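S.K.: Sequence and predicted structure, then a few things I'm wondering about:
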Amino acid sequence: MKTKPSALKALDIASLILLAVATYLALVFAPTERVMGDVQRVFYFHVATAWVGLLGFVAAGVTGIIYLRTQDLKWDLVEQAAVEISLVFFFITIILGSIWARPIWNTWWTWDPRLTSASIVELIYLAYLMLRQGIEDPDRRARFGAVYTLVGAISVPITFLSIRLFRTIHPVVIGNESSAAEGGFAMTGDMKIAFFFALFAFTIIFIDLFWNRIRLGHLQQKVEQLKLKVMD
Amino acid sequence: MKKIIEDRSPLSLRERAEGEGKTPSGNYLRAIGAVAWKDLAAELRSKELLSAMLVFALLVIFIFNFALELDVKTRDSVTSGVLWVTFVFAGTLGLNRSMAIEKDRGCLDGLLLAPVDRSAIYFGKAISNLAFMLIVEIIVLPVYSLLYNTNLFQPGLLLIILLGSIGYTAVGTLLSAMSVQTRTRDVMLPILLFPIILPVVIAAIRASGAYLQNMPFDQILPWLNLLIVYDVIFIAVAFMVFDYVVEE
């Protein structure tokens, strides 16, 4: 526990390298999109960060359920790590998306299902962190956190569906595109390489950050315990 | 009753619970009724909560009147939004108060000591919260109809309001039980509640808007379905996790 495990160190370095390569592929290697131009390059990281945000979102909901079943505080750490990572990566996704949307949709923001759902996840997770801050007892904090992530994990898909009942203009690059979408395009071979590499790289980065955050949580717990011991 | 007094063997309690098939569910419903009735009776005597919610709701409508210039033209399109924002805001006031009363003098601990299933307490509180909300809505609707000369007493609209309120209180009761146990208390509830009840608000506003503008029924139906699905899911979820929220 004292020193960083060497596997984690290796993963740190690997994710840095992967990030660098993904950046190169997205900014240099991939061809420029004909209609949208260079701003389309945002797409590679936009989808990859959204993917990580989604991974964190699902992980948080699942670990919330596991915590409620097992009442083991270690799952609370995992859940908190997932929430924090999801919060940060959805934020990056939204910023990147806005950068792209300004020239393509001619607006920074629109109340589309994906945009709204991502921002609602942000708000739910901010509320989650505030909730945790207001509770001292670690068991209760963990229980309330787990209940809230569970409720959030059920509510957000319903929000998504409910806004989907309106029209959407968000492009669907993978899968079927709706006729109302604006800014869609078809990927060429090189674009696909850059895209899937970015997905892969960010998945590794997700695992790396997740691991680091869980380790940090363990250390935090230890420090708290030691502090209590010193006070006694 | 006679039988209970006669039967003094140590096993009698458990035997009674297990043996008589009807009694446990009857007890459960009676516990729910008792919790709900306790709240309603207390409220009917003090009228603290209802009067606060009502005055607050009317004030919100007044503010909207000047914020949106509710003239004849804009009225049709914004009425449902104004109504639901009013209900949602007034609702948080009620939810906060109804849980704070339990927490303040240790009443919640007393309730938890009662030998009934914890979820009975949840359903009792949810029913009384729903009753408060519906009472406020029943008074706000005619006032709004009077002030703006639109008839809001239409069966379809009332159904939408009922479904929306059920979803709202189902989640609200669960989350208010959580928020009263935090340091920031009242401030916490809207922050926790609003992002979760967003689907209810969207569906209810859309459905009542469509209803008020006389849109065809197949435009309203998806929203109605959404409300029903949300209500069922969240009543079930709250039923399952309420234990964890009040556990000591």
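M.R.: Thanks, I have it. Everything numeric here is computed off the predicted structure, so don't read it as measured data.
S.K.: Distance of the nearest residue to residue B:164 once chain neighbours are set aside relative to chain A?
M.R.: The spatial neighbour of residue B:164 that comes closest, neighbours along the chain excluded (C-beta to C-beta, 6 or more residues apart in numbering or on different chains), is residue B:204 at 3.5 Å. Quick note: C-beta positions are derived from backbone N, CA and C, even for glycine. Plainly put, residue B:204 is 10 Å away from chain A if you go by C-beta to the nearest C-beta, to the nearest Å.
S.K.: I'd like the distance between the closest residue to chain B within chain A and residue B:242.
M.R.: Of the residues in chain A, the one nearest chain B is residue A:134, at a distance of 3.5 Å by C-beta to the nearest C-beta. Spatial separation of residue A:134 from residue B:242 under the definition C-beta to C-beta, to the nearest Å is 20 Å.
S.K.: do whichever helix or strand residue A:146 is part of and chain B meet?
M.R.: Element membership of residue A:146 [criterion: DSSP states H and E] is helix A:138-164. Yes: part of helix A:138-164 sits near chain B under the criterion C-beta under 8 Å from any C-beta of the partner chain, namely A:140, A:143-144, A:146-148, A:150-152, A:154-155, A:158-159, A:161-163.
S.K.: hmm, back to that, quick one, which of residue A:134 and residue B:242 is more surrounded?
M.R.: Each of residue A:134 and residue B:242 has its neighbours counted (other C-beta atoms under 10 Å in any protein chain shown); residue B:242 has more, 24 against 17.
S.K.: My guess is that one contacts residue B:120. True?
M.R.: No: here residue B:242 does not reach residue B:120: they are 9.7 Å apart, not a contact under C-beta atoms under 8 Å.
S.K.: pLDDT value on the residue of chain B at minimum distance from chain A, please?
M.R.: Of all residues in chain B, residue B:182 sits closest to chain A, with a separation of 3.5 Å (C-beta to the nearest C-beta). We note a pLDDT of 90 for residue B:182 in this prediction.
S.K.: Let me know the secondary structure of it.
M.R.: coil (DSSP: H, G, I helix; E, B strand; the rest coil).
S.K.: Give the buried residues for the longest helix anywhere in chain B.
M.R.: What stands out as the longest helix in chain B, according to DSSP state H, is helix B:72-104. Of the residues in helix B:72-104, those buried under the neighbour-count criterion (16 or more other C-beta atoms under 10 Å in any protein chain shown) are B:75, B:78-88, B:90-99, B:101-102.
S.K.: Show me what that helix is packed up against.
M.R.: When contacts are defined as 3 or more C-beta pairs under 8 Å, 6 or more residues apart in numbering or on different chains; DSSP states H and E, helix B:72-104 sits against helix B:48-68, helix B:107-113, helix B:118-148, helix B:155-179, helix B:188-212.
S.K.: quick one: stretch B:128-143 to chain centroid distance?
M.R.: Computed by C-alpha atoms, centre = their mean, to the nearest Å, the chain-centroid distance of stretch B:128-143 equals 10 Å.
S.K.: how many other residues sit next to residue A:204?
M.R.: When counting by other C-beta under 10 Å, one arrives at 16 neighbours for residue A:204.
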